[in-house]
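Chemist: below: sequence and its predicted model.
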Amino acid sequence: MTSPSTITSRFLSNPHQLGVVAVGFNGGQCKKGVEAAPMALIESGLLDQLSDDLDYEVHHDGVVHYYEKDIPSDDPDFRGMLKPRAVSAVTEKLSSQVHNYAKDGKFVLTLGGDHSIAIGSVSGTAKAIRERLGREMAVIWVDAHADINTPESSDSGNIHGMPMAFLTRLAREEQRDVFGWMKDEHIVNTQKLVYIGLRDVDRGEKKILRDNGIKAFSMHDIDRHGIGRVVEMALAHIGNDTPIHLSFDVDALDPQWAPSTGTPVRGGLTLREGDFICEAVHETGNLIAMDLVEVNPSLEEKGASETIRAGCSLVRSALGDTLL
Ligand SMILES: NC(=[NH2+])NCCC[C@H](N)C(=O)O
Ligand SMILES: [Mn+2]
Ligand SMILES: [Mn+2]
């Protein structure tokens, strides 16, 4: 059963106003199907649950964006990146869509799509929070993967493995049509980034995390301390007075709970642990935005409805649904 939350974010001017952007984009990786996730999530009733059960006023243009006219036809590899101009163009557009909701003090929910779209969503909220509050926001990245490869450290060339590198400026490109549109206002401080759920981190990424002193809680840490203590430590790192953007990759969950995703990794979070993270972040009163990404209904089709259901549950939990 769902019921509206009494906790309202101190960083939102309209606590129960929710802006939704549905991003049907798959160009940050090579598997088709992830572009169908926003439609599948919406058709399963997610937005109705948020308005009817959790009392949000949902602002949504009623369409899934595929960004066809923004995507250039000629898009050769660049610095080893696959489809760099497509991802850049889509995330530039998304950044301004998200910024548009966030600048009015609305909560922003971005439904992907592969995780490359976080370049757009996170940059959009980071900019709005700087303008509205003169502050730097924090990012909690819940994922099996760190997604912080630079173009040079990446083995795959898939940009969904790189968003945090561009968002922190550990990777930078001047060329405007390859993320050169990103300005200082879009950037996230490495000290305000926290990972939860990591278990498949590339060698180059481990070095990046170490060299930059980035806070990360792996599945090993969760096994050792329990999810309650890990979330507490993650929130303590961020501090109690910082707006939070939660970027949730459904592959953070164990494939048992979320089989339909492009890069599943065994040994992940239970759905209950995933929901707990979202509930606890909601309870801080500091959450201003959430992404849900990497649901791919065309993979492991038997598990697609399970994966969609898990995704809906995570979003509801982050938006204040409680068990009691
Ligand atoms: N968002 C994701 N599922 N990312 C998976 C990334 C996998 C690998 N580290 C890469 O860079 O290609
Ligand atoms: Mn992942
Ligand atoms: Mn990811």
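Modeler: Cool, the structure landed. Just so it is clear, the model here is predicted, and its values are computed rather than measured. Numbering: from 1, shown residues only. Ligands and ions are numbered 1, 2, ... in the order given.
Chemist: so who does A86 touch?
Modeler: Neighbouring residues of A86 by C-beta atoms under 8 Å, 6 or more residues apart in numbering: 27, 71-72, 75. All C-beta atoms are positioned from the backbone trio N, CA, C, and that covers glycine.
Chemist: spatially nearest residue to the residue nearest the centre of the chain (excluding sequence neighbours)?
Modeler: Centroid-nearest residue in the chain: S247, 2.5 Å away (criterion: C-alpha atoms, centre = their mean). Excluding the flanking residues, the one nearest S247 by C-beta to C-beta, 6 or more residues apart in numbering is D291, at 4.5 Å.
Chemist: partner strands of the one helix or strand the one you found maps to and their direction?
Modeler: Take DSSP states H and E as the rule and D291 turns out to sit in strand 287-293. Sheet pairing of strand 287-293 (DSSP bridges) gives strand 107-111 (parallel), strand 244-249 (parallel).
Chemist: give me the neighbour count for the closest residue to L319 other than its chain neighbours.
Modeler: With sequence-adjacent residues excluded and distances taken as C-beta to C-beta, 6+ apart, L319 is closest to L54, at 5.5 Å. Neighbourhood size, L54 [other C-beta atoms under 10 Å]: 20.
Chemist: how near is L54 to ligand 2?
Modeler: 27 Å (C-beta to the ion, to the nearest Å).
Chemist: wait, that residue touches T6, no?
Modeler: No: in this structure L54 lies outside contact range of T6 using C-beta atoms under 8 Å: 11.4 Å.
Chemist: would you mind listing what in the stretch 101-250 of the chain touches ligand 3?
Modeler: By the criterion of C-beta under 5 Å from the ion, the positions of the stretch 101-250 of the chain lying close to ligand 3 are 115, 143, 145, 147, 249.
Chemist: from these, pick the one nearest V231.
Modeler: D143 (14.8 Å; C-beta to C-beta).
Chemist: could you say what helices and strands the helix or strand V315 falls within packs with?
Modeler: Applying DSSP H and E as the criterion places V315 in helix 304-318. The elements that helix 304-318 packs onto, with contact taken as 3 or more C-beta pairs under 8 Å, 6 or more residues apart in numbering; DSSP states H and E, are helix 37-43, helix 46-48, strand 244-249, helix 271-283, strand 287-293.
Chemist: with mean pLDDT and distance to N189 added, can I get those in a markdown table?
Modeler: Below are those laid out as a markdown table (pLDDT from 0 to 100; distance: least, C-beta to C-beta, whole Å):
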| stretch | mean pLDDT | distance to N189 |
| --- | --- | --- |
| helix 37-43 | 98 | 29 |
| helix 46-48 | 98 | 31 |
| strand 244-249 | 99 | 12 |
| helix 271-283 | 98 | 18 |
| strand 287-293 | 98 | 16 |
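Chemist: nearest to K31, of these?
Modeler: Nearest of the helices and strands packed on helix 304-318 (C-beta to C-beta): helix 37-43, 11.9 Å.
Chemist: now that closest one, how far from the chain's geometric center?
Modeler: Helix 37-43 has its average C-alpha position 16 Å from the chain's average C-alpha position, going by C-alpha atoms, centre = their mean, to the nearest Å.
Chemist: i'd like the first residue to be 6 from this point on
Modeler: In the new numbering, first residue 6, that becomes helix 42-48.
Chemist: rewinding a little: save the helices and strands packed on helix 309-323 as TSV, and put in distance to L99 too.
Modeler: Below are these laid out as TSV (distance: least, C-beta to C-beta, whole Å):
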stretch	distance to L99
helix 42-48	12
helix 51-53	18
strand 249-254	13
helix 276-288	22
strand 292-298	10
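Chemist: which stretch among these comes nearest ligand 1?
Modeler: Among these, strand 249-254 comes nearest to ligand 1, with 5.3 Å by C-beta to the nearest ligand atom.
Chemist: for ligand 1, give me its nearest residue in the stretch 56-205 of the chain.
Modeler: Closest point on the stretch 56-205 of the chain to ligand 1, by C-beta to the nearest ligand atom, is G166, at 2.1 Å.
Chemist: that residue and S158 touch, don't they?
Modeler: No: judged on C-beta under 8 Å, G166 makes no contact with S158 at a distance of 9.3 Å.
Chemist: my read is that M142 contacts K132, right?
Modeler: No: using C-beta under 8 Å, M142 makes no contact with K132, being 9.8 Å away.
Chemist: tell me the confidence at T11?
Modeler: T11 carries a pLDDT score of 73 in this model.
Chemist: what about it, distance to ligand 3?
Modeler: Applying C-beta to the ion, one obtains 32 Å for the distance of T11 from ligand 3.
Chemist: how much space between that residue and G325?
Modeler: 8 Å (C-beta to C-beta, to the nearest Å).
Chemist: these two: which is more packed in?
Modeler: Between T11 and G325, counted using other C-beta under 10 Å, G325 has the larger neighbour count: 27 against 7.
Chemist: secondary structure element for the more buried one?
Modeler: Under the assignment here (DSSP H and E), G325 is part of no helix and no strand.
Chemist: having no further points to raise, I will conclude here.
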